[in-house]
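J.: Sequence first, then the predicted structure:
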Amino acid sequence: MLRTQISLERDMYTRAKAAARQQGVSVAELMRRALASALRPAVSTNQPWMRFAGTFESRDAGSSRSVDAVVYGRGRP
């Protein structure tokens with residue numbers, strides 16, 4: 001991992017620090033996540049629905065097995 005330095009307006013730093021605290025991470029980790037999000041590869045125009053991939057996290061290890069219930073409000077047909 002490389003180390004770098006950035007300059008922020010005081011208000012932006014204060015808000016970043018509060019957001020990091022709320023998420024339970026360091027300001028550095030908050031910045032890494034924001035940068036990773038900004039640098040994601042462009043979404044293919046062939047599959048516009050893919051822009052939602054990875055957007056939501058249920059924290060339920062079995063969510064892929066219960067997708068019909070989540071999406072349609074019922075079990076698998």
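T.: Structure received. Keep in mind that this is a model prediction, so the values were computed, not measured.
J.: just for this protein, where's the confidence low?
T.: The model of the chain has pLDDT under 70 over residues 41-59, 62-65, 67, 70, 74-77.
J.: Longest helix in it, by number of residues?
T.: helix 10-23 (DSSP state H).
J.: Remind me what that helix packs against, helices and strands.
T.: Under the contact criterion of 3 or more CB pairs under 8 Å, 6 or more residues apart in numbering; DSSP states H and E, helix 10-23 touches helix 27-38. (Glycine included, C-beta is placed from N, CA and C.)
J.: Which residues does the helix it packs on contact?
T.: The contact list for helix 27-38, computed with CB atoms under 8 Å, 6 or more residues apart in numbering, reads 6, 13, 16-17, 19-20, 23, 25.
J.: got the CA positions of it in CSV?
T.: The C-alpha coordinates for helix 27-38 follow below in CSV (Å, rounded to 0.1, in the frame of the first residue of the first chain):
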residue,chain,number,x,y,z
VAL,A,27,-11.0,8.5,7.4
ALA,A,28,-8.3,6.8,5.3
GLU,A,29,-10.6,3.8,4.7
LEU,A,30,-13.5,6.1,3.9
MET,A,31,-11.3,7.8,1.3
ARG,A,32,-10.1,4.5,-0.2
ARG,A,33,-13.7,3.3,-0.6
ALA,A,34,-14.8,6.6,-2.2
LEU,A,35,-11.9,6.5,-4.6
ALA,A,36,-12.5,2.9,-5.5
SER,A,37,-16.1,3.8,-6.2
ALA,A,38,-15.1,6.7,-8.4
